[in-house]
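Enquirer: What follows is a predicted protein model with its sequence.
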Amino acid sequence: MGSKKRKRKEERPTIHPKNKYSQKPPDFAQLASLYPSFQPFVYYSPHARPNIDWTDFNATRELTRVLLLHDYSLTWWIPDGQLCPTVPNRSNYIHWLEDLLSSDIIPHTISTRDKVRGFDIGTGANCIYPLLGASLLGWSFVGSDVTDVALEWAGRNVNSNPHISDLIEIRKVESHENTLSVEGLHYGESVHNGNNIDVSGNVIAEVSPVPSLPLDLHFRNDKNYRGPPILLGVVRDDEKFDFCMCNPPFFESLEEAGLNPKTSCGGSREEMVCPGGEKAFITRIIEDSAVLKHSFRWYTSMVGRKSNIKCLVSKLWAVGVTVVKTTEFVQGKTCRWGLAWSFLPPVQKKLPSSIPEKSNMSFMLEGLQRQHSAIHVLQAVESYFSLHGVPCTLNSSSFTVDVKASKDQCDSILKNEPPITDNSTQCEPKSATSDGSSYLNITSDKLPFRVSVFQQIPGTLLVKGSLQERNSPISGAFSLIFQKLEEALRSNFCREK
Ligand SMILES: C[S@@+](CC[C@H](N)C(=O)[O-])C[C@H]1O[C@@H](n2cnc3c(N)ncnc32)[C@H](O)[C@@H]1O
């Protein structure tokens, strides 16, 4: 067996460290002994751990039920044929959001740190994300959906868990050809204010209409997504959220959804399919986010196909986002990706607002090999300048290198010369000459700038340079130095020239 294959396997990202199952996967034998209803689904073999038949919907549903009960104290059920979530995988998304929210990438402006509010687009009958987020972290949620069965069963699942039902509102999204209506069904909290209607059985709900938005916003002639509203028209005018999340309908058709012969997680047409597939669905979320902007701190979605990420990231930059983050979720043998963006100004940018456009430069490093991450590029930036005797400081938590070059050091970089001693105080100002003998109009001042590296999508990094002192007499060298750095990094890291 090729060592390459083994290496690739080792390098795959693992389950999130905060995930309950990161150290120890679920013990089916123990669960079977504790929950007799799970017993018939477990089979034993002398050489392997007890397992279930992953192609049996009843087995996967019963596993999800007992895991939610045993590990999260949640009472849960879904009817036959609805999408059955796998608990460890869905938890990874929640923990990634937890990381994003606690990071200082963007300001903590929307709610206080301890009162997180999220919006789950397409919560499904299983309502898994609000249930996990509320029970694990005390987050409150609006979970939206379009189908009656999803709304009914999401409501039932919320009401079966009175300890968190006040935290979750299930919101119905409706669209007709010429009208739009969105109703908010507040489960749990409505029990206290007495303003209720019956939805199904013992479920009680408060209906609150959403202020209508111009119809052309929702029903404009979009080439890709033709479906009910997603965020615009569902989110109310005065609402603020810390994040939205979404496990979108991935496929364009039922045929494309196919049936994975190795698993049976169910899933109805409405859950799995939308015109244009996930690309169209997420594109609509991006378009909605460009209108709603600061109503959410973070917009996020799961992406099922790696090939869609590049195009979605380009769309994000095109609508003016300030930050893009991606991650890879490990889901057994299949991979999913997380995509996050924001319109809030990143905290990292501490440049004075008076700095002109040219003081910021950037380029993309694409086609990086798997073993090369942002930190490797930062280290290369550090050694590039150190080689020229330029003092610099690498900060691995902010992914930045701060550089302070003297005029002679700048000159040596630009002439590709070996390092020289910084004796700038003894130099007389020189003028740039056409033969390249000196590129700078030299004075005794320094050129301070910061290089930041951001992960875009796997294999692609954004390298930014920001001049820290535009009044430096040698600030004109900044763009030339940055271009030299770009050349050096490209020849070091990029496969495609
Ligand atoms: C793949 S399922 C995800 C269900 C659940 N969140 C999960 O992770 O298992 C997608 C859900 O999105 C819902 N949906 C489709 N279009 C929607 C829209 N415009 N607004 C809200 N939900 C929508 C579907 O009904 C379905 O329940």
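Expert: That came through fine. Residues are numbered from 1 along each chain as shown.
Enquirer: Close to the ligand: what parts of this protein are there?
Expert: Applying CB under 6 Å from any ligand atom, we find that the chain lies next to the ligand at 83, 85, 121-124, 126, 128-129, 144-147, 150, 173, 227-228, 230, 247, 249, 270-271, 274. The C-beta positions use only the backbone N, C-alpha and C, and glycine is treated the same way.
Enquirer: Could you rerun that using 8 Å?
Expert: Proximity of the chain to the ligand (CB under 8 Å from any ligand atom) is limited to residues 83-85, 90, 120-129, 143-147, 150, 173, 175, 227-230, 234, 246-250, 267-268, 270-272, 274, 281, 302.
Enquirer: Residue in the stretch 101-250 of the chain with the shortest distance to the ligand?
Expert: Using CB to the nearest ligand atom, the single residue of the stretch 101-250 of the chain nearest to the ligand is Gly122, 2.1 Å away.
Enquirer: so that residue touches Pro249, yeah?
Expert: Yes - here Gly122 reaches Pro249: they are 7.2 Å apart, a contact under CB atoms under 8 Å.
Enquirer: who touches both of the two?
Expert: Common contacts of Gly122 and Pro249 (CB atoms under 8 Å, 6 or more residues apart in numbering): Glu271.
Enquirer: out of the residues of the chain next to the ligand, which are inside strands?
Expert: Asp120, Ile121, Gly143, Ser144, Asp145, Val173, Ser175, Cys246, Met302 (DSSP state E).
Enquirer: Low-confidence stretches in the stretch 101-250 of the chain?
Expert: The model of the stretch 101-250 of the chain has pLDDT under 70 over residues 109-114, 176-223.
Enquirer: Tell me which stretches of it form helices.
Expert: Listed in chain order, the helices found in the stretch 101-250 of the chain under DSSP state H, counting those that start in this stretch are 128-137, 148-159, 189-193, 215-219.
Enquirer: burial count for the residue of the stretch 101-250 of the chain closest to the ligand?
Expert: Using other CB atoms under 10 Å, Gly122 is surrounded by 23 other residues.
Enquirer: Next up, the contacts around it.
Expert: Per CB under 8 Å, 6+ apart, neighbours of Gly122: Ser144, Asp145, Val146, Ala150, Cys246, Asn247, Pro248, Pro249, Glu271.
Enquirer: Please tell me which one of those counts the most neighbours.
Expert: Ser144 (28 neighbours).
Enquirer: so Gly367 sits right up against Cys494, yeah?
Expert: Yes - applying CB under 8 Å, one finds Gly367 in contact with Cys494, separated by 5.2 Å.
Enquirer: returning to what we had before: farthest pair in the ones in strands among the residues of the chain next to the ligand?
Expert: For these, the farthest-apart pair by CB to CB is Ser175 and Met302; their separation is 23.0 Å.
Enquirer: When these two are compared, which one has more neighbours?
Expert: Met302 (22 against 18).
Enquirer: How about that one, nearest residue that isn't a chain neighbour?
Expert: Asn247 (4.9 Å; CB to CB, 6 or more residues apart in numbering).
Enquirer: Check Val87 too.
Expert: Per CB to CB, 6+ apart, closest to Val87 is Leu67, 4.5 Å.
Enquirer: Now for that neighbour, how many residues are close by?
Expert: 22.
Enquirer: Leu67 sits in which helix or strand?
Expert: helix 57-72 (DSSP states H and E).
Enquirer: For that helix, name the packing helices and strands.
Expert: helix 28-34, strand 48-52, helix 87-102, helix 128-137 (3 or more CB pairs under 8 Å, 6 or more residues apart in numbering; DSSP states H and E).
Enquirer: what mean pLDDT would you report for it?
Expert: Mean per-residue pLDDT for helix 57-72: 97.
Enquirer: I'd like the numbering to begin with 286 instead of 1 from here.
Expert: From this message on, residue numbering opens at 286, which makes the last subject helix 342-357.
Enquirer: buried set for it?
Expert: Residues of helix 342-357 classed as buried by neighbour count (16 or more other CB atoms under 10 Å): 342, 344-357.
Enquirer: Helix 372-387 and that helix, what's the angle between them?
Expert: Here the directions of helix 342-357 and helix 372-387 differ by 50 degrees (axes from the mean of the first three to the mean of the last three CA atoms, to 10 degrees).
Enquirer: For helix 342-357, which outside residues touch it?
Expert: Counting by CB under 8 Å, 6+ apart, residues outside helix 342-357 touching it are 305, 311, 313, 316, 319-320, 322-323, 326, 337-339, 359-363, 365-366, 369-372, 411, 416-417, 420-421, 548-551.
Enquirer: ok and it relative to helix 433-444, angle-wise?
Expert: Using the same axes, to 10 degrees: helix 342-357 against helix 433-444 is 30 degrees.
Enquirer: Render the CA-only coordinates of helix 342-357 in PDB, please.
Expert: C-alpha atoms of helix 342-357 as PDB (Å, rounded to 0.1, in the frame of the first residue of the first chain):
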ATOM      1  CA  PHE A 342     -33.500   3.700   8.400                       C
ATOM      2  CA  ASN A 343     -35.100   2.300  11.600                       C
ATOM      3  CA  ALA A 344     -31.700   1.500  13.000                       C
ATOM      4  CA  THR A 345     -30.200   4.900  12.300                       C
ATOM      5  CA  ARG A 346     -33.200   6.700  13.700                       C
ATOM      6  CA  GLU A 347     -33.100   4.600  16.900                       C
ATOM      7  CA  LEU A 348     -29.400   5.300  17.300                       C
ATOM      8  CA  THR A 349     -30.000   9.000  16.900                       C
ATOM      9  CA  ARG A 350     -32.900   8.800  19.400                       C
ATOM     10  CA  VAL A 351     -30.800   7.000  22.100                       C
ATOM     11  CA  LEU A 352     -27.700   9.200  21.600                       C
ATOM     12  CA  LEU A 353     -29.800  12.400  22.000                       C
ATOM     13  CA  LEU A 354     -31.400  10.900  25.100                       C
ATOM     14  CA  HIS A 355     -28.300   9.400  26.700                       C
ATOM     15  CA  ASP A 356     -25.800  12.200  25.900                       C
ATOM     16  CA  TYR A 357     -27.900  15.300  25.600                       C
END
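Enquirer: Can you check what angle separates it from helix 413-422?
Expert: Using the same axes, to 10 degrees: helix 342-357 against helix 413-422 is 20 degrees.
Enquirer: Pull out the buried members of the contacts of helix 342-357.
Expert: 305, 313, 316, 320, 323, 326, 337, 339, 359, 361-363, 369-372, 411, 416-417, 420-421, 548-551.
Enquirer: Tell me which stretches of the stretch 536-685 of the chain form strands.
Expert: Using DSSP state E, counting those that start in this stretch, the strands assigned to the stretch 536-685 of the chain run over residues 581-588, 608-616, 619-627, 645-650, 677-680, 685-691.
Enquirer: need the ones you listed in a markdown table with mean pLDDT, can you?
Expert: As requested, those are arranged in a markdown table below (pLDDT from 0 to 100):
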| stretch | mean pLDDT |
| --- | --- |
| strand 581-588 | 97 |
| strand 608-616 | 86 |
| strand 619-627 | 90 |
| strand 645-650 | 86 |
| strand 677-680 | 93 |
| strand 685-691 | 92 |
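Enquirer: among these, which is the most enclosed?
Expert: Neighbour counts (mean count of other CB atoms under 10 Å) averaged over each of these peak at strand 581-588, with a mean of 25.
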